[in-house]
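Undergrad: sequence plus predicted model, see below.
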Amino acid sequence: MRVRIAAPLLSACALAFSGVNCPPVHAAEFSARDVTARLFQMEAGTVADFHQRDLRELDLSGIDFKRANLAGTKLFGTDLTRTNLAHTDLRGANLDRAVIIGANLNGADLSGISMLRPTTSPNLDEVTLEPPSFKGANMSGSKIFGRFRNVDFSGADLTKSSFAPTSTTGFIENLWRADLMSANLSATILENADLTYVMLRFADLRGANLRGALLKRADLAHADLTGADLTGADVSNADLDGATLTGAKGLSTVKGLATAHNVPAAFGLVR
């Protein structure tokens with residue numbers, strides 16, 4: 001039986017046998033050098049435009065993007081280690097599998113992004129080394145899933161964002177739920193956010209806005225919710241062991257307390 005090879009595939013294979021490297025199936029539109037050169041050549045007061053470009057799997061570590069336009073940009077698997085993306089426009093960008101160790105995303109516009117299973121630390125130990133920072137970022141309406149231990153989300157807007165596992169994230173790679181253990185979520189806006197199953201043990205949620213948030217089966221053990229607004233939040237089957245609720249608001253409106261575990265006396269629930 002004769003097998004016919006498609007012409008495009010044959011030409012690519014021919015290149016390989018001729019000593020020329022075959023281009024990847026999903027080649028980025030720019031090389032890392034191209035990106036660096038474009039940023040370097042920008043005149044003062046202007047920003048580089050990479051919006052909706054394909055920068056997948058490039059090594060862009062250590063680069064200062066100088067508030068470039070990266071809205072809708074494909075950054076799947078891109079190495080952004082220690083990259084300066086502060087105040088950068090990343091609306092709707094795809095950061096799935098991106099390496100963001102030590103990346104500065106403070107004040108960035110990350111609304112509507114997808115950031116599934118990024119690499120946030122060079123190891124898998126209890127302590128996350130060189131965590132990225134999202135302080136004051138706009139992350140509203142985003143889909144986020146991964147390991148974010150000790151990451152700074154303070155003052156960020158995570159309205160209607162989702163950290164919950166889905167068929168896209170999957171219960172794989174020894175990570176079956178988003179891990180925000182010891183993360184800084186102080187003064188963060190998490191109104192109507194989906195935090196189902198999320199690990200929030202020892203997280204700093206002081207002054208956080210959790211109005212209408214879904215905290216079903218979340219681990220809030222020893223989380224600091226001092227001054228947080230929990231109006232209408234759902235804690236069904238959540239673990240609240242040792243959670244601090246001093247000055248927390250809306251406790252009488254919290255849903256799911258009947259099935260929650262280790263409910264603090266602050267809720268006034270008598271069993």
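TA: Cool, the structure landed.

Undergrad: what about Ala137, how many neighbours?
TA: Ala137: 29 surrounding residues under other Cβ atoms under 10 Å. Just so you know, the C-beta spots here come from the backbone N, C-alpha and C atoms, and that holds for glycine as well.

Undergrad: how about it, what does it touch?
TA: Going by Cβ atoms under 8 Å, 6 or more residues apart in numbering, Ala137 touches Leu105, Asn106, Gly107, Ala108, Asp109, Leu110, Phe153, Ala156, Asp157.

Undergrad: wait, doesn't the second one sit right on Phe134?
TA: This means Asn106. Yes: contact criterion Cβ atoms under 8 Å: Asn106 and Phe134 qualify, at 6.9 Å.

Undergrad: neighbouring contacts of stretch 249-263?
TA: In contact with stretch 249-263 (Cβ under 8 Å, 6+ apart) are residues 211, 216, 221, 227-242, 245, 266-269, 271.

Undergrad: returning to that earlier point: just the ones of the contacts of Ala137 in helices?
TA: Among these, DSSP state H puts none in helices.

Undergrad: all helices for this protein, in order.
TA: Going by DSSP H, the chain shows helices at 7-17, 32-41.

Undergrad: looking at those helices, which has the lowest confidence?
TA: Set side by side, the helices of the chain give their lowest mean pLDDT on helix 7-17, at a mean of 38.

Undergrad: tell me the pLDDT of Pro24.
TA: 47.

Undergrad: thinking again about what came up before, between Asn106 and Phe134, which has more neighbouring residues?
TA: Per other Cβ under 10 Å, whichever of Asn106 and Phe134 has more neighbours is Phe134, with 30 against 20.

Undergrad: surely that one and Asn104 touch.
TA: No: if you go by Cβ under 8 Å, Phe134 and Asn104 don't touch, sitting 9.3 Å apart.

Undergrad: quick one: low-confidence ranges for this protein?
TA: Within the chain, the stretches with pLDDT under 70 are 1-28, 124-128, 167-174, 269-271.

Undergrad: if you set the cut-off to 50 instead, what comes out?
TA: 1-20, 22-25, 170-172, 270-271 (pLDDT under 50).

Undergrad: pull the contacting residues for the residue nearest to Ser61 when sequence neighbours are not counted.
TA: Spatial nearest neighbour of Ser61, excluding adjacent residues (Cβ to Cβ, 6 or more residues apart in numbering): Thr81 at 4.0 Å. By Cβ under 8 Å, 6+ apart, the residues touching Thr81 are Ser61, Gly62, Val99, Ile100, Ile101, Gly102, Ala103.

Undergrad: same deal with Thr246?
TA: Thr226, Gly227, Ala266.

Undergrad: for Asn84, same thing?
TA: By Cβ under 8 Å, 6+ apart, Asn84 lies in contact with Ile63, Asp64, Phe65, Lys66, Ala103, Asn104.

Undergrad: does the third one really touch Ala48, like I thought?
TA: To tie it back to what came earlier, the one meant is Phe65. Yes: with contact defined as Cβ under 8 Å, Phe65 and Ala48 form a contacting pair (7.4 Å).

Undergrad: more neighbours: which of these two?
TA: Shown here are Phe65 and Ala48; by other Cβ under 10 Å, Phe65 has more neighbours (24 against 18).

Undergrad: quick check: that one vs Val35, distance?
TA: 9 Å (Cβ to Cβ, to the nearest Å).

Undergrad: how about Val198?
TA: From Val198 to Val35 the distance is 34 Å (Cβ to Cβ).

Undergrad: more crowded one of those two?
TA: A count of neighbours by other Cβ under 10 Å puts Val198 above the other of Val198 and Val35, at 30 against 22.

Undergrad: go through the contacts of Asn84 and say which is closest to Phe202.
TA: Ala103 (22.9 Å; Cβ to Cβ).
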